[in-house]
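[1] Let's see this in three dimensions:
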Amino acid sequence: MNKVVAGAADAVADIRSGSTLTVGGFGLCGIPTVLIDALLARMGHRVHMVANGRLAVEAVRRGDYDLVLMDLQMPEMDGMEATQAIRALGDRFASLPIIAMTANAFDEDRQACLAAGMDDYVAKPIDVAQLAEAIARCTATVG
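    Residues are numbered from 1 along each chain as shown. Next comes the predicted model:
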């Protein structure tokens, strides 16, 4: 594990939720997947990654996720489109917590994410405490 990953993982040693979540990490461009894996594992969660929006929608349709971390900039289908497609699946997908993870850090970007059907928003570079707080807010009744 490189020093950046080890340092980030150490930073979440005390940020564990009360339950284990299955998390879909979709298109997290610019964030090494090993970092997200390490952070979520230290929080007590399992993660499944896919590289683009089309695969994200298919993974959600086939999977049993408690939470989705969705990048906005993905090939084939961006995060906004993927979120809308997931919401359009109806049933349990209409309320599946989706957290945007993006370098677009302006308030209008946050508002666009919420308008597209996302439940929360974390700006990159990732602040571990903010990510943990967003997960806790979005999953207060999950697990």
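[2] need the helix or strand of this structure with the lowest average pLDDT.
    Lowest on mean pLDDT, DSSP states H and E among the helices and strands of the chain sits helix 3-11, with a mean of 39.
[3] List the contacts of V23.
    Contact partners of V23, counting by Cβ atoms under 8 Å, 6 or more residues apart in numbering, are 40, 45-48, 65-69. Using the backbone N, CA and C atoms, a C-beta is placed for each residue, glycine as well.
[4] Tell me the buried residues within the residues you listed.
    In those, burial by neighbour count holds for 40, 45, 47, 65-69, counting by 16 or more other Cβ atoms under 10 Å.
[5] can you give me the strands for the protein?
    22-26, 46-50, 67-71, 98-102, 120-123 (DSSP state E).
[6] Using a markdown table, please lay out these together with distance to R87.
    Below are these laid out as a markdown table (distance: least, Cβ to Cβ, whole Å):
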| stretch | distance to R87 |
| --- | --- |
| strand 22-26 | 14 |
| strand 46-50 | 18 |
| strand 67-71 | 11 |
| strand 98-102 | 8 |
| strand 120-123 | 15 |
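[7] that older thread, make CSV from the buried ones among the contacts of V23 and add distance to L131 to it.
    Formatted as CSV, the buried ones among the contacts of V23 follow (distance: Cβ to Cβ, whole Å):
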residue, distance to L131
L40, 9
H45, 11
V47, 12
Y65, 16
D66, 15
L67, 11
V68, 13
L69, 8
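[8] Could you give the bridge partners of the residue nearest the centre of the chain?
    Centroid-nearest residue in the chain, with Cα atoms, centre = their mean: L69, separated by 1.1 Å. In this entry, L69 is beta-bridged to G25, I99, by DSSP bridges.
[9] Tell me the spacing between it and V60.
    Counting by Cβ to Cβ, to the nearest Å, the gap from L69 to V60 is 12 Å.
[10] shared neighbours of these two, anything?
    Contact criterion Cβ under 8 Å, 6+ apart; residues shared by L69 and V60: G24.
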